[in-house]
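[1] sequence and predicted model, in that order:
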Amino acid sequence: MNTTAIEVSGLRKSYGGTVVLDGVDLSVRAGTVTALLGPNGAGKTTIVNILSTLLRPDGGTAEVNGADVVRRPDAVRAAIGLTGQFSAVDKLLTGEENLMLMARLRHLGAKRSKTRVAELLEQFELVEAARKPLATYSGGMQRRLDLAMTLVAAPSVIFLDEPTTGLDPRSRHTMWDIVRTLVAEGTTVLLTTQYLDEADELAHRIAVLDGGRIVADGTPDELKRLVPGGHLKLRFADDTGLDSASRVLDESSRDDAALTLTVPNDGGTGALRAVLDRLDAADIEVADLSIHTPDLDDVFFALTGKKEQRS
């Protein structure tokens with residue numbers, strides 16, 4: 001899809017003398033996942049709160065599905081769903097009662113509410129626990145219920161603010177599968193996360209936020225190519241091949257014990273082909289080859305000067 005679901009231009013927000021957002025520009029295509037990365041306090045949640053009409057910007061514009069968040073907040077709210085950092089479920093109710101409450105708040109009507117709740121309980125594998133108190137739910141089950149409540153009115157745009165924080169690896173992967181399914185069905189997702197692997201797994205594009213500005217925006221692979229550290233590792237069958245290749249590739253570093261050469265390389269197909277062509281021209285055979293590119297940890301550190309804290 002080539003339509004734009006979220007368009008942000010020159011967005012500004014301050015609290016007293018502290019500037020949180022300093023002219024943020026962001027565009028999100030419909031039917032995709034965009035991840036916002038940044039250190040704590042970078043303004044990720046502030047952007048989500050502005051886009052979901054919970055907070056008014058000081059300047060700039062923000063639109064969701066073509067509706068301005070300040071001038072047409074009701075139209076924005078009708079189109080979106082929001083799952084915040086902390087679960088919004090009512091722990092005095094059962095899972096089914098939570099969903100039914102949300103359906104009634106969304107004015108679905110009695111018949112449609114019952115049908116929609118049944119659909120969501122099935123989709124999120126909560127049928128067996130539907131009438132059990134939330135005190136019996138695991139953290140992963142509560143987060144699945146939280147997301148199900150967000151989807152009661154079938155929003156076209158969903159904001160997920162650190163949706164898997166505190167979940168075990170199995171529950172995180174379950175949430176990832178749910179997000180992938182939603183996007184495959186055409187839903188647009190704006191995700192903030194403290195997990196760099198989560199952004200790498202889910203996001204079509206990643207925007208890195210630092211100092212109140214977007215300092216980089218691109219696909220995960222594009223961002224990885226922004227920082228140095230990419231290289232090829234070539235392994236040879238014997239010392240003769242290693243010696244010959246080392247003379248041809250004089251920019252490389254060698255490991256005699258492992259019979260390998262490490263060649264600086266950006267990981268692109270053109271650069272890889274150039275190295276292999278040089279070896280072919282010298283009639284040197286490579287026993288094994290691997291490509292190593294910087295990961296999002298490297299990108300995050302290079303662009304923000306901070307290592308992202310992992311839980």
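    Good, I have the coordinates.
[2] other SSEs contacting the longest helix anywhere in the chain?
    If you go by DSSP state H, the chain has its longest helix at helix 169-184. Under the contact definition 3 or more C-beta pairs under 8 Å, 6 or more residues apart in numbering; DSSP states H and E, helix 169-184 sits against helix 139-150, strand 188-192, helix 196-202. Every residue, glycine included, has its C-beta placed from N, CA and C.
[3] which other helices and strands contact the longest one?
    It refers to helix 139-150. Short answer (3+ C-beta pairs under 8 Å, 6+ apart): helix 139-150 packs on strand 80-83, helix 95-105, helix 110-123, helix 169-184.
[4] quick one: which of the ones you listed is nearest residue 212?
    Of all the helices and strands packed on helix 139-150, it is strand 80-83 that lies closest to residue 212, at 22.0 Å by C-beta to C-beta.
[5] what helices and strands are in contact with that closest one?
    Packing partners of strand 80-83 (3+ C-beta pairs under 8 Å, 6+ apart): helix 139-150, strand 157-161.
[6] please enumerate the strands of the chain.
    Secondary structure of the chain (DSSP state E): strands located at 4-15, 18-29, 33-37, 59-64, 67-68, 80-83, 157-161, 188-192, 205-210, 213-218, 231-235, 253-255, 260-264, 288-292.
[7] next one: the first one to chain centre, how far?
    Centre-to-centre, strand 4-15 and its host chain are 18 Å apart (C-alpha atoms, centre = their mean, to the nearest Å).
[8] and what of stretch 98-116?
    Centroid separation between stretch 98-116 and its chain, computed with C-alpha atoms, centre = their mean, is 30 Å.
[9] got the buried residues for that stretch?
    98, 99, 100, 101, 102, 103, 106, 108, 113, 116 (16 or more other C-beta atoms under 10 Å).
[10] tell me the spacing between the fourth one and residue 93.
    With distances taken as C-beta to C-beta, to the nearest Å, residue 101 is found 7 Å from residue 93.
[11] anything in contact with each of those two?
    Among the neighbours of residue 101, none is also in contact with residue 93 (C-beta atoms under 8 Å, 6 or more residues apart in numbering).
[12] now the longest helix of the chain against helix 110-123, angle please.
    Here helix 169-184 runs at an angle of 130 degrees relative to helix 110-123 (axes from the mean of the first three to the mean of the last three C-alpha atoms, to 10 degrees).
[13] how about the helices and strands packed on helix 139-150 in TSV, adding distance to residue 226?
    Formatted as TSV, these follow (distance: least, C-beta to C-beta, whole Å):
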stretch	distance to residue 226
strand 80-83	30
helix 95-105	42
helix 110-123	38
helix 169-184	25
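[14] would you turn the ones you listed into CSV with mean pLDDT and distance to residue 204?
    Output for the helices and strands packed on helix 139-150, formatted as CSV (pLDDT from 0 to 100; distance: least, C-beta to C-beta, whole Å):
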stretch, mean pLDDT, distance to residue 204
strand 80-83, 92, 19
helix 95-105, 94, 28
helix 110-123, 94, 23
helix 169-184, 90, 8
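[15] residue 89: which of the ones you listed is closest?
    Here helix 95-105 is closest among those (C-beta to C-beta), at 5.2 Å.
[16] what does that closest one contact?
    Applying C-beta under 8 Å, 6+ apart, the contact partners of helix 95-105 are 89-90, 93, 112-114, 116-117, 120-121, 126, 129-132, 134, 137, 141, 145, 148-149, 152.
[17] I am finished for the moment; much appreciated.
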